[in-house]
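Participant: Any chance you could fold what I've pasted below:
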Amino acid sequence: MKFRIRCVGKLLLVVVAIGVLGLVVMTLWNWVIPALFVGARSIDFIHALGLLVLSRILFGGFRGHGGWRGRRHWRKWEAMTPEEREHFQTAWRSRHTPREGE
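Facilitator: Have a look, this model is predicted:
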């Protein structure tokens, strides 16, 4: 039961986020573009959502931080023993500390 409620809540959050993003894009477009370019028209909500999808396709935006790659590194970190973690940290620090003259 809790799983269903959580899934419905996430779905509702996604729908609301898409709606808010579409409204923001539509408002900004209608405020800026017609004032800058002669002959540019205002857009409606559906066109604003289409513009969001197009920007996602062209520029690859809306990504989360880390993604699968970050989770893989976290799993590797969690699987290390405390000695392995300490060795990793000292090696990391020695590679990433500035040397004299740099």
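
Participant: Run through this protein and note the low-pLDDT ranges.
Facilitator: Low-confidence segments of the chain, defined by pLDDT under 70: 61-70, 98-102.

Participant: following the longest helix seen in it, which helix or strand shows up next?
Facilitator: When the chain is parsed with DSSP state H, its longest helix is helix 2-36. Downstream of helix 2-36, the next assigned helix or strand under DSSP states H and E is helix 45-59.

Participant: now that following helix against helix 2-36, angle please.
Facilitator: Interaxial angle, helix 45-59 versus helix 2-36 (axes from the mean of the first three to the mean of the last three C-alpha atoms, to 10 degrees): 90 degrees.

Participant: Pull out the buried residues from the longest helix of the chain.
Facilitator: 22, 25, 26, 29, 30 (16 or more other C-beta atoms under 10 Å). Just so you know, the C-beta spots here come from the backbone N, C-alpha and C atoms, and that holds for glycine as well.

Participant: got it, and stretch 36-51?
Facilitator: So, applying 16+ other C-beta under 10 Å, buried residues of stretch 36-51: 43, 48, 49.
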